[in-house]
Every structure is written in C-alpha cells, then in structure tokens.
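1. everything below, folded, please.
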Amino acid sequence: MKKLLALALVLMFAMCGTALAVNEDVEGELVIYSSMYQFVIDMMDEALKAEFPNLTPGNDGSFFFYGGTSSLITKIYGEMETGTLGCDMFMVAEPAFSLELKDAGYLEPITIDDPDSLLRFPYDPEGYWYPVRVCNMVLAYNPEMEAEWAAKGVTIPKTFKDFATDPALKGLISMGNPLTSGTTYAAVASLIQDNHYGKDYLKGLAANEVMIESGSTALTKLQTGECAAIMILEESVLKVLKEAADAGAPITNLKCIYPEDGVVLIPSTVMTVAEDHSKNMNIEAAEAVEKWLLSEEAQKLILEGYMHSVFAGMKDIPYESVDTNGLIEKDLGVDWENAYHNREAINTAWTEIVTTK
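-> Coordinates of the predicted model:
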C-alpha cells in the first residue's frame, strides 16, 4: 500500500510539474507585428502555441503579422490616427521606433527580473522595450572569385569605408534600401553619423553606383560574379550556408566579411502596446509572451534564426558566425535618438544623394 501511495504521489507531482511548465492560465487573443523572417516566425509560432495552449493566435492562425519594418511603421502610423492599433505587441528591426512609440504614449511598461544581469544590450530602464534579437550588418563576397577580381584590379573591401569609396568597385556593389528595410536604415544612420563617415558616405555610394536591391538578389549577383561585394545582414549569408550544408552540398562561393572598421549591430526590440491602444486589450498575455521571449528557450530559437542572442551569459552563436561579445567590442554603434528624431532627414539625404540620378 505504501509503495502504491508513493507511486501515486510521484505521478501527481510529475503531472503538476508538467502543467506548471506550460502557461495554461494565459488566455484570450494576441497579435504581434514582426519584421522577423518568415521561417523564424514559423518557429516562434510553433513554440508559442506549445507554451501557451489556451492563448488564441489572432492573425489567421498565427500570432504574428509579418511585414518589413518600414512597411509596418507606415501601417502603424495609419492605425495611430484611430487611436487603436491592430496588434498587441511589436517586434520590429530598429530601436529608434521604440523611442518614438514610447514618446507617443503607445507602450506599456513590462518588468523583467534583473535585466542588468540578463542582458548584454541596452534596454529601456522603465521597461517600455527590451532587446530580444540582434541583427548584424556586414559585408559579403565570393571567395572563389577573389583572384579573378584581383586580376581585374578590384580588391575585395575589408571595411565599410572601402565599400563606398574605392573607385575600383564602381558598379560592382549592392545593398538594401533604407526606405524599406529597418536594418539597412540603422546601418545607414550609423555610417553617416558625424563621428563615423558623415554624409560623404552617401556620396561615395552614389559615386560607386551602388545597386539597391533585395538581399536574395544581391546574394545571387555575388555568387554569379555580377557583384564583387555586398552590404547585407549576416543572418542572410549564414542561412544560405546552413541550408546548403544540410542538403549535402556545401558551398564555397559565399562568405561574410566582418569589416575591420566595425560591424553594425542592431538589437531589435520587443514592445507591448498600451492597453487602451491595443487590439485585444490583453496585457497579461502580452506580458507573459514578452517574458517568454527573454527565456532560454526563445533565445535558442533566435540563434536558430541566425541572429545573436541578447543574453549576457549566452556563449552559443549562430551557425558559422563569430563570438557575439567580440562583435560587441567592434560595434560601430547607432545613435538611436538621432535615428529617431532625424528619420525624415536621413531618408531625404539618401533619396537626394544616392537614388536621384
């Protein structure tokens, strides 16, 4: 009898432990606007549905509504005219928008335990936003063609400066559009800061006839030899390398360059919409999800998405990447207040100098 009772107690505690491991008490509906790549969103969706089985995905069976950062910002501006947004949370690419939404009174502060010890990137001390994933803007090239380019008098750039100023690269470089890509906007905002290269950087890009196109197009041109170098997110390169390796056909015609003058790290944030401005007025659920996004489980998904973790104690890195703390040491940095307050001026300078022929 005693053995049976002991066994029953063990089973009961095991069942309780299983129930407590899942946020079954979190209910209602939730929508998150996010600029993460779709395959990362799919992983996050699956994990959230397992962790919050009674929380209803509010966007056609998904917790996420996907859009590029700039398109999401435009969408949010339109919704702000009504006072109510179509989401309950944001996960967009660049922190400047977090500063803007906080000033506009559209965010709800969330308390995270001991963020100073948990995080290795800045956060809002009042809890209005926290970094949750780190994108890394780098250069990339095709190692198989380096000798061929050299024979033509073209040296693969080792710095962001050379990328824009080496005349031998004229017509042979490509990058994204800061008017549509939040991470590209962050990189441009950083590179044209007065303490970096100023607006002369834009003049260099224009003189070098930089091609403005999507990452996938730029990668193809790099591998086929139409481009000698491209400015691109590290995660885009790592994803191609990993998928090729998984398919049993590893490639050697693509590699990241971690610029000698510094990388541009973009600690993308998570934010909860203030209850009186949110779609579902479900602050309890948003708070639980925000805290989960800063859990070890969620941060491992960030790494699987080829981005860097925000955790101070995280030693793991994305596939084929380099040490995150080492990248932090060579981070050029972005003046996010400047990126927020001078967004229109930065975009206008880009348009007038780089894209206007």
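2. by contact count, what packs against the helix or strand hosting L301?
-> Element membership of L301, judged by DSSP states H and E, is helix 296-304. Helix 296-304 sits against helix 38-51, strand 130-141, with contacts defined as 3 or more CB pairs under 8 Å, 6 or more residues apart in numbering; DSSP states H and E. From N, CA and C alone the C-beta is placed, and that goes for glycine too.
3. residues of it that come out buried?
-> Neighbour counts over helix 296-304 (16 or more other CB atoms under 10 Å) mark A298, Q299, K300, L301, I302, L303 as buried.
4. same check on stretch 150-157?
-> V154, I156, P157.
5. can you confirm the first one is in a strand?
-> Translated: V154. No - counting by DSSP: H, G, I helix; E, B strand; the rest coil, V154 falls outside a strand, being coil.
6. list the contacts of it.
-> A168, L169, L172, A228 (CB atoms under 8 Å, 6 or more residues apart in numbering).
7. and the pLDDT at the nearest residue to the first one once chain neighbours are set aside?
-> Going back to what we said before, that points to A168. In this structure, A168 finds its nearest non-sequential neighbour in V154, 4.9 Å apart by CB to CB, 6 or more residues apart in numbering. pLDDT for V154: 98.
8. quick one, helices of the stretch 51-200 of the chain?
-> Ranges of helices in the stretch 51-200 of the chain, per DSSP state H, counting those that start in this stretch, are 69-80, 96-103, 115-118, 146-151, 160-165, 182-191, 200-207.
9. of all these, which one is nearest F63?
-> helix 69-80 (15.1 Å; CB to CB).
10. could you give the angle of that closest one to helix 182-191?
-> In terms of direction (axes from the mean of the first three to the mean of the last three CA atoms, to 10 degrees), helix 69-80 departs from helix 182-191 by 100 degrees.
11. over helix 69-80, what's the mean pLDDT, rounded is fine.
-> 93.
12. return the alpha-carbon coordinates of that helix using PDB.
-> What follows is helix 69-80, C-alpha atoms only, in PDB (Å, rounded to 0.1, in the frame of the first residue of the first chain):
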ATOM      1  CA  THR A  69      10.000  47.300 -40.600                       C
ATOM      2  CA  SER A  70       9.300  50.300 -42.800                       C
ATOM      3  CA  SER A  71       6.000  48.900 -44.100                       C
ATOM      4  CA  LEU A  72       5.000  48.100 -40.500                       C
ATOM      5  CA  ILE A  73       5.900  51.600 -39.400                       C
ATOM      6  CA  THR A  74       3.700  53.000 -42.200                       C
ATOM      7  CA  LYS A  75       0.900  50.700 -41.200                       C
ATOM      8  CA  ILE A  76       1.200  51.700 -37.500                       C
ATOM      9  CA  TYR A  77       1.200  55.400 -38.400                       C
ATOM     10  CA  GLY A  78      -2.100  54.900 -40.200                       C
ATOM     11  CA  GLU A  79      -3.600  53.000 -37.300                       C
ATOM     12  CA  MET A  80      -2.500  55.600 -34.800                       C
END
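13. between the buried residues of helix 296-304, which is nearest L327?
-> Nearest to L327 among the buried residues of helix 296-304: L303, at 13.8 Å, using CB to CB.
14. OK, contacts around that closest one?
-> Remark: with contacts taken as CB under 8 Å, 6+ apart, L303 is in contact with S309, M314, D316, I317, P318.
15. ok, now how distant is it from K242?
-> 12 Å (CB to CB, to the nearest Å).
16. just F65 next, same as before
-> 26 Å.
17. quick one on the thing from earlier: quick check: phi and psi at the residue nearest to A168.
-> phi -110, psi 120 (degrees, to the nearest 10).
18. domains of this protein?
-> Per automatic domain parsing, the domain ranges recorded for the chain read 24-134+267-327, 136-265+332-355.
19. still on that earlier bit, narrow the contacts of L303 to those that are buried.
-> Looks like the contacts of L303 have S309, M314, I317, P318 buried, using 16+ other CB under 10 Å.
20. correct me if wrong, but the second one is in a helix.
-> In other words, M314. No - read with three-state DSSP, M314 is coil and lies in no helix.
21. so it makes contact with Q299?
-> Yes - M314 is within contact range of Q299, at 6.3 Å (criterion: CB atoms under 8 Å).
22. how far does stretch 80-87 stretch from start to finish?
-> From its first residue to its last, stretch 80-87 covers 11 Å (CA to CA, to the nearest Å).
23. check the offset of it from the chain's centre.
-> Remark: stretch 80-87 is offset 24 Å from the chain centroid, using CA atoms, centre = their mean, to the nearest Å.
24. please apply the same query to stretch 264-279.
-> 13 Å.
25. export that stretch to PDB, keeping only CA atoms.
-> Output of stretch 264-279 as PDB, limited to C-alpha atoms (Å, rounded to 0.1, in the frame of the first residue of the first chain):
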ATOM      1  CA  VAL A 264      26.700  47.500 -37.100                       C
ATOM      2  CA  LEU A 265      24.800  45.600 -34.500                       C
ATOM      3  CA  ILE A 266      21.000  46.200 -34.400                       C
ATOM      4  CA  PRO A 267      19.500  45.000 -31.100                       C
ATOM      5  CA  SER A 268      15.900  44.600 -32.300                       C
ATOM      6  CA  THR A 269      13.300  45.200 -29.600                       C
ATOM      7  CA  VAL A 270      10.100  43.700 -28.200                       C
ATOM      8  CA  MET A 271       7.400  46.100 -27.100                       C
ATOM      9  CA  THR A 272       3.900  45.700 -25.600                       C
ATOM     10  CA  VAL A 273       1.200  48.100 -26.800                       C
ATOM     11  CA  ALA A 274      -0.500  50.100 -24.000                       C
ATOM     12  CA  GLU A 275      -3.900  48.500 -23.200                       C
ATOM     13  CA  ASP A 276      -6.000  51.400 -24.300                       C
ATOM     14  CA  HIS A 277      -4.300  51.400 -27.700                       C
ATOM     15  CA  SER A 278      -4.100  47.600 -28.300                       C
ATOM     16  CA  LYS A 279      -6.300  45.400 -30.400                       C
END
